[in-house]
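> model the following, please.
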Amino acid sequence: MLEQDIRALNARIDSLIQKTQALSAENNTLKLAASEAQTLRAKVETLAQENQHLRSKEAALVAERDELSRKNDLARARVEAIILRLKALETPES
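Residues are numbered from 1 along each chain as shown. Okay, the predicted model is just below:
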């Protein structure tokens, strides 16, 4: 009877050792996955910051383009006015 109990306990111990090894392997896998997730999170944060920077830069460039377009329109109007005045000077007065 005692031998059977010892065998049963040894079997139980072997089973627990196998479960411990399986849990240890799973723990290592989870640690690796957590490390990869942390790396991905850092990349996402970096990309989000870069995206925000690019959006700000785009907004500044759009504003600059609009300002340059406005100045171009003003310059065009001035040149057209000068041309009209020059044409008026060329036509003989009757």
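
> the strand or helix carrying R7: how far from the chain's middle?
Using DSSP states H and E, R7 falls within helix 2-90. Computed by Cα atoms, centre = their mean, to the nearest Å, the chain-centroid distance of helix 2-90 equals 2 Å.

> does anything pack onto that helix? Which helices or strands?
If you count contacts as 3 or more Cβ pairs under 8 Å, 6 or more residues apart in numbering; DSSP states H and E, helix 2-90 packs onto no helix or strand. For every residue, glycine as well, the C-beta is placed using N, CA and C.

> rounded mean pLDDT for it, please.
Mean per-residue pLDDT for helix 2-90: 97.

> tell me, what residue is most central in the protein?
Centroid-nearest residue in the chain: L47, 2.6 Å away (criterion: Cα atoms, centre = their mean).

> ok, that one to I17 distance?
Distance of L47 to I17, computed by Cβ to Cβ, to the nearest Å: 45 Å.

> cool, S24 as well?
S24 is 10 Å from I17, by Cβ to Cβ.

> give the contact list for the residue nearest to the centre of the chain.
Taking Cβ atoms under 8 Å, 6 or more residues apart in numbering, we find L47 in contact with no residue.

> number of residues surrounding V79?
V79 has 10 neighbouring residues, counting by other Cβ atoms under 10 Å.

> ok, now how distant is it from A48?
Taking Cβ to Cβ, one finds V79 at 46 Å from A48.

> one more: L86?
From L86 over to A48 the distance is 57 Å, taken as Cβ to Cβ.

> what do you get for S15?
Distance, S15 to A48, by Cβ to Cβ: 48 Å.

> could you do A11 as well?
Computed as Cβ to Cβ, the A11 to A48 distance reads 54 Å.

> for P92, same thing?
From P92 to A48 the distance is 70 Å (Cβ to Cβ).

> neighbour-wise, which of these two wins?
A48 (10 against 4).

> who touches that one in this structure?
By Cβ under 8 Å, 6+ apart, A48 lies in contact with nothing.
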